[in-house]
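Engineer: The sequence and its predicted three-dimensional model are supplied below.
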Amino acid sequence: MSKVYFIRNSNSDYNQLGKDALRLLKKIVTETGYKFEKEVPIKVHFGERGNKTFIPPVCYNEIINYLKEMGVSPSYIETNVLYRGSRTNKEKHIETAKAHGFTQIPIIIADGDIGTEYDEIEINKEYIKKCKIGKAYGRFKQFIVMSHFKGHAEAGFGGAIKQLGMGFAARGGKLEQHSGISPVVHSHKCITCGVCAKKCDFDAIEILETAVIDEKKCSGCAGCIAVCPEGAIRIVWGGSHFREKLAEYAYGASKDKDIIYISFVHNITEHCDCAGKPMKPITDNIGILASKDPVAIDTACLDLVQKNSGRKLFDKGRDVLRHAEKIGLGKMQYELLEI
């Protein structure tokens, strides 16, 4: 049974949330004898442009200052998104992060300019054999994964496991989880400019009457989606076993890493922070949780949301939890320790 620490906090005082997050971090450091390395990135979600309910940067200030006092060099770390939005490539991603106030520490976009830089992490699980993880993650052994617990259309909910599985994955890894096939060209939008073919490192795109992707050569890196000026190359969403693949990618992302997980159960919306629009919370704020076990902390968050709301919100996310436990990512049984 894994320990999950919990501070109840239902108000919207973001400065207090930051202080509570630090209390939880210090609790885990004390309880486990945790020793920080010289560089420790903080995995966050900067929020899509137009989103208003992502966890704001003020909530990270206390932990950032604490790490600096401990002689640790912190940074924010993220990967580019798969869809076309304000975080599709490194330049736009950093612009969005700074526009949302994430200016306190350096920002690392782990999979490079257009999401094609990655390491393959071998896991040999049921659906995924090798995970495409953003290359910069390989430079570090320790991370603080700070998650916003909220809904997600495909995963059921987004929390620590999604921060690992999707948030550590390079664009090709995201594509593999969602569909496992090559991107497709929408011929009515293609202007045959050839930008995608020039950027393809695998010689998988040929320009004929439209761009044509050779599925046998395509690596699934999804870089062509990022560079297409017309948005003519898209993803086929809704692939099979998405939730199981997400859990397996989370396993690959955390393999041989030493991670502390902190989750904000605040601004609980139906959809995730990738939605570039204002959303209204669908239930009350609850608090902040922390653990060394991503499965336990997500299970505890989900249980608290369902108990607090009196509804089975995000319940299909239990598929993720069950598969994550099955493959050894963590344990669904937890001891909730309120402080």
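Structural biologist: Good, I have the coordinates. Note that this is a predicted model, so its numbers are computed, not measured.
Engineer: show me the residues around residue 54 that make contact.
Structural biologist: By CB atoms under 8 Å, 6 or more residues apart in numbering, residue 54 lies in contact with 45-47, 100, 148, 267, 273. (Each C-beta comes from the backbone N, C-alpha and C, glycine too.)
Engineer: 6 Å instead, please
Structural biologist: Neighbouring residues of residue 54 by CB atoms under 6 Å, 6 or more residues apart in numbering: 47, 273.
Engineer: pLDDT wise, what is the closest residue to residue 169 other than its chain neighbours at?
Structural biologist: Leaving out its chain neighbours, the residue that sits closest to residue 169 by CB to CB, 6 or more residues apart in numbering is residue 249, at 5.5 Å. With respect to pLDDT, residue 249 scores 98.
Engineer: Confirm that residue 249 lies within a helix, as I assumed.
Structural biologist: Yes. Applying DSSP: H, G, I helix; E, B strand; the rest coil, one finds residue 249 inside a helix.
Engineer: For burial, what's the neighbour tally of it?
Structural biologist: Neighbour count for residue 249, taken as other CB atoms under 10 Å: 30.
Engineer: From residue 121, how far out is it?
Structural biologist: Distance from residue 249 to residue 121, counting by CB to CB, to the nearest Å: 9 Å.
Engineer: Next: residue 110.
Structural biologist: 13 Å.
Engineer: now residue 162
Structural biologist: Per CB to CB, residue 162 is found 17 Å from residue 121.
Engineer: Pick out whichever of these two has more residues nearby.
Structural biologist: residue 162 (29 against 21).
Engineer: The more buried one: what secondary structure?
Structural biologist: helix.
Engineer: who's in contact with the closest residue to it other than its chain neighbours?
Structural biologist: In space, and not counting its chain neighbours, residue 162 is closest to residue 155: 5.5 Å by CB to CB, 6+ apart. Residue 155 makes contact with 162, 243, 246, 317, according to CB under 6 Å, 6+ apart.
Engineer: Just the ones of the residues you listed in helices?
Structural biologist: 162, 243, 246 (DSSP state H).
Engineer: Can you name every helix or strand that the helix or strand of the chain with the lowest mean pLDDT contacts?
Structural biologist: The weakest-scoring helix or strand in the chain, judged by mean pLDDT, DSSP states H and E, is helix 223-227 (a mean of 84). Judged by 3 or more CB pairs under 6 Å, 6 or more residues apart in numbering; DSSP states H and E, the packing partners of helix 223-227 are helix 195-199.
Engineer: Only the buried residues of the helix it packs on, if you could.
Structural biologist: 195-197, 199 (16 or more other CB atoms under 10 Å).
Engineer: That's all I had, so thanks and see you.
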